[in-house]
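> Sequence and predicted structure are below.
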Amino acid sequence: MGRLENKVALITGAGGGFGRAIAEEFAREGAQIFAGDIDDERNKETVDLITAAGGAGTAIHLDVSRKEDIAGALDAIAQQHGQLHVLVNNAGITQREDFRHITDEQWAEILDVNLTAAMRLSRDALKLLTAAKGASIINISSIMERVHVRQLSAYSMTKAAIAGLSRSIAVEYAAFDVRVNYLCPGYAATGMTERILRNDAVRKGLIDRTPLKRFAETRDIAKAALFLASDDASFITGEGLTVDGGMNIQL
Ligand SMILES: NC(=O)c1ccc[n+]([C@@H]2O[C@H](COP(=O)([O-])OP(=O)(O)OC[C@H]3O[C@@H](n4cnc5c(N)ncnc54)[C@H](O)[C@@H]3O)[C@@H](O)[C@H]2O)c1
């Protein structure tokens, strides 16, 4: 019996990196996966991997910055299951820009995808989450909610806001028996970091600064998400779990 047997899970950004690993991990543990991504081809690949391994998954076209797509995804889940046990707000983008050059359009775009989408999904999914009894939301923040590098101010802002949003929704949603937690991953080699990690000096520098001397594997994040989604974490809410090999605590 899997740890998420017969649970329904919606994972945004499931076509890549952490989202795909979380979708595969949850499916292995018995969950029925709704994989949402703006990239239909990669999203379908995720669902194909899940079904090839004997799991259950449905691919949904979901641009998290579009209200209509969010409504459509939640409608599909409402029609097929009438409940949602786990919502993982994982889809995210990054931008490298000196703060003094950030345009209003860049700021609005990253806010929409990294923050407003998590707000809308967490707000609009409440009925389905309440129906599931013991449901939970997992938001993907980052160690950059608290440690910073230059040119990532807009990204860091969204990740700090995700932490604050998670903690405050946790207080309100406890009344509905819905837990809300967030993960703070360190660096992992995914589509998001591909370009920067191509630089050997950068790679080496980051690994040198990590006490456990490696990047995160996407599976490290998926395992942490599984823990937060499972009944093992049934008394944990409003908490941020850092998965970074110790990077953020080392001076
Ligand atoms: N990779 C890292 O080192 C790292 C570290 C900390 C936190 N994170 C966070 O983890 C999450 C996942 O990132 P990743 O590293 O797996 O990146 P990734 O680029 O590999 O995957 C992100 C996925 O989100 C999808 N996506 C982008 N915009 C979307 C939109 N508008 N609607 C729906 N889907 C959209 C992409 O198509 C892609 O499949 C992000 O929130 C990111 O900020 C990543």
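Thanks, I have it. Numbering: from 1, shown residues only.
> How about residue 174: what's its closest non-neighbour residue?
In space, and not counting its chain neighbours, residue 174 is closest to residue 237: 6.2 Å by Cβ to Cβ, 6 or more residues apart in numbering. The way it works is simple: take the backbone N, C-alpha and C, and place the C-beta from them, glycine included.
> Mind jotting down where the strands sit in the stretch 51-200 of the chain?
For the stretch 51-200 of the chain, the strands defined by DSSP state E, counting those that start in this stretch cover 56-61, 86-89, 135-140, 178-185.
> how about JSON lines for those strands, with mean pLDDT and distance to residue 10 added?
Below are these laid out as JSON lines (pLDDT from 0 to 100; distance: least, Cβ to Cβ, whole Å):
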{"stretch": "strand 56-61", "mean pLDDT": "98", "distance to residue 10": "8"}
{"stretch": "strand 86-89", "mean pLDDT": "99", "distance to residue 10": "5"}
{"stretch": "strand 135-140", "mean pLDDT": "99", "distance to residue 10": "10"}
{"stretch": "strand 178-185", "mean pLDDT": "99", "distance to residue 10": "14"}
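> Deepest-packed of those, please.
Most buried of those by mean neighbour count (mean count of other Cβ atoms under 10 Å) is strand 86-89; its value is a mean of 29.
> which strands and helices sit next to that one?
For strand 86-89, the packing partners by 3 or more Cβ pairs under 8 Å, 6 or more residues apart in numbering; DSSP states H and E come out as strand 8-12, helix 17-28, helix 117-124, strand 135-140, helix 218-229.
> residues in contact with residue 92?
13, 113-114, 140, 158, 192 (Cβ atoms under 8 Å, 6 or more residues apart in numbering).
> any idea how far the nearest residue to residue 216 once chain neighbours are set aside lies from residue 194?
Spatial nearest neighbour of residue 216, excluding adjacent residues (Cβ to Cβ, 6+ apart): residue 188 at 4.0 Å. Residue 188 sits 11 Å away from residue 194, going by Cβ to Cβ, to the nearest Å.
> So which of the two has more stuff around it?
Shown here are residue 188 and residue 194; by other Cβ atoms under 10 Å, residue 188 has more neighbours (21 against 10).
> so that one touches residue 221, yeah?
Yes: when contacts are counted by Cβ atoms under 8 Å, residue 188 is listed as touching residue 221 (6.9 Å).
> between these two, what contacts are shared?
Common neighbours of residue 188 and residue 221 (criterion: Cβ under 8 Å, 6+ apart): residue 18.
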